[in-house]
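Student: Predicted model follows, preceded by the sequence.
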Amino acid sequence: MNAEDTGALTARRRRPALLLAALAGLLVVATVLAAYGLRAWSVALGAEGRWAQWTWTPLAAALVLQTVLYLVERPVRAAPAQQRALDRLEVAVLVPVFDEDPDYLSEALTGLLEQTRRPQSVHVVDDGSTVDYREVRARWLRAAAAAGVRASWQRQSNRGKRHAQVAAAAHCPGADVLVTVDSDARLDPHALYELLQPLADPRVQAVAGVVVAHNNRRSLISRIADLWYLSSQLVDRSALSPLGAVMVCSGALAAYRAEVLTDHRDAYLAETFAGRPVTFSDDSLLTFYALQRGRVVQQPTAIVFAVMPETVGHHLRQYARWMRGSVIRSLWRVRYLPVHHPVFLAQVLRWYQHLASTAAVALLLGRSLSSGTQVPPVLLAVPLLIVSGQTLRYLTVRRSDQSLRSQLGTWALTPLALAWSWTVLRPVRWYATATCLRTGWGTRRHGPEVTAAPGA
């Protein structure tokens, strides 16, 4: 019986030649329009226009390099001898739970038993939830026992996700690999098998899965988040993966060699920033520890369905938390990684891209308005063409619960997603930078914020 027969959610990666041709065409047109528009603006604004050309040239070079790198990413495939070694690994899954919707939690746990490569054990820690999980717990423990998977379920007072993960790891001291899975994350049936493949290389310390939105059609916000988040993984993260320099492994699905957590357990639990305890950005800190020990890669065929915010308020609070964590972690990368480390270089380049693009647009638009010089219309189309080419990556993941027509409809939201990013998310990012000392979680303060659809 295959995965579709069991009703499991499935997803697979494809790289159609048509999408590659479309990407090439969009980038060529964007390059021509950018060259023409910048030249026209340079003539109109004089010295300031020439300054803009010098600013944008490194950004264009970085874009070309990024495009080449994400196009060369391929799924890792272990050789037969390596696969036998992978099959012998003791794999434990850690599932921290706090005020999760019971239906989503039950679905996440069920998905772990549908894996073509099952884990040896699964350990759930309820971190002081206000939700009653007694029915889910009893049903899950019975199902795990019937499947031959060792399972534990522990409840503790609310201490945060990191403490929950460490408590879960205490139940599997002999594990070779620790897999983190969020309590709302439903794995594709092949996800765990795929996730372990890169660990055939002893230099690889951590592997990131690819996250798609489980509830992508429940609201416009969740649909835009699905488009933006999946595309960013298959662009930014895919470009860093060939270098072994993935900066963040999403908590929805990631694999770590057990020592990454156990050897850094005390520091992981006691992280502070400006004297304040840090309770978020746990995924990026584990990834940072892994980068200090070796390579971190993405396996683009290890796919997980995770729940995304469905309201604007939840979406913005989650994004602000992510960006506050990004500020802290970026400082850690530059401070503690050697200057020749690819992540150090990528982080510095990322700072330059963000600052230069924001400053150049703000200064030149301001100068254009003050002088009455019109921005060349063709130049305004360049960002949209570039981003439309990048979001074509969204179409490379085919899902069992979404038609191609629906996917194309989501991709068609790219202009709206770009406008949302520049007018809303970018200011939120600057706000998060200014308020990075607020190290609280910020979501799930009054129970589950997203609930499963009736009859799901």
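Tutor: Right, received. Where do you want to start?

Student: Can you tell me, leaving aside adjacent residues, what's nearest to the spatially most central residue of the chain?
Tutor: Note on the chain: the residue nearest the mean C-alpha position is Ser250, at 4.9 Å, using C-alpha atoms, centre = their mean. Leaving aside its sequence neighbours, Ser250 sits nearest to Val211 (C-beta to C-beta, 6 or more residues apart in numbering; 5.1 Å). No exception for glycine: its C-beta is placed from N, CA and C like everyone else's.

Student: what's near enough to touch that neighbour?
Tutor: Ala185, Tyr229, Leu230, Gln233, Ser250, Ala252, Leu253, Ile303, Val304, Ala306 (C-beta atoms under 8 Å, 6 or more residues apart in numbering).

Student: Test my guess that the second one contacts Met308.
Tutor: By that I understand Tyr229. Yes. The criterion here is C-beta atoms under 8 Å, and Tyr229 meets it with Met308 at 7.3 Å.

Student: Find residues that contact each of those two.
Tutor: Ala213.

Student: Which of the two has more residues huddled nearby?
Tutor: Met308 (25 against 19; other C-beta atoms under 10 Å).

Student: thinking that one is in contact with Ala225, fair?
Tutor: Yes. Assessed by C-beta under 8 Å, Met308 is found in contact with Ala225 at 4.5 Å.

Student: Give me the common contacts of the two.
Tutor: Ala213, Asn216, His315.

Student: So which of the residues you listed belong to helices?
Tutor: Taking DSSP state H as the definition of helices, those contribute His315.

Student: Low-confidence bits of the protein, can you list those?
Tutor: For the chain, applying pLDDT under 70 flags the ranges 1-7, 38, 40-56, 360-361, 363-365, 367-376, 439-447, 453-456.

Student: Okay, strands next: where are they in it?
Tutor: For the chain, the strands defined by DSSP state E occupy 11-13, 91-97, 121-127, 150-156, 177-180, 186-187, 204-213, 254-257, 272-273, 276-277, 295-306, 397-399.

Student: And the shared contacts of Met308 and Ala225, which is closest to Ala432?
Tutor: Among the shared contacts of Met308 and Ala225, His315 lies closest to Ala432 (C-beta to C-beta), at 13.4 Å.

Student: For Val334, see how far away that closest one is.
Tutor: Distance, His315 to Val334, by C-beta to C-beta, to the nearest Å: 29 Å.

Student: More neighbours: these two, which one.
Tutor: Shown here are His315 and Val334; by other C-beta under 10 Å, His315 has more neighbours (22 against 15).

Student: I'd guessed that one sits against Ala225; true?
Tutor: Yes. Between His315 and Ala225 there is a contact under C-beta under 8 Å: 6.4 Å.

Student: Need the residues touching each of these two.
Tutor: Met308, Pro309.

Student: Distance to Pro75 for the contacts of Val211 - can I get that in TSV?
Tutor: Shown next, in TSV, are the contacts of Val211 (distance: C-beta to C-beta, whole Å):
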residue	distance to Pro75
Ala185	20
Tyr229	20
Leu230	16
Gln233	14
Ser250	17
Ala252	18
Leu253	15
Ile303	11
Val304	15
Ala306	20
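
Student: Among those, which one is most surrounded by other residues?
Tutor: Leu253 (29 neighbours).
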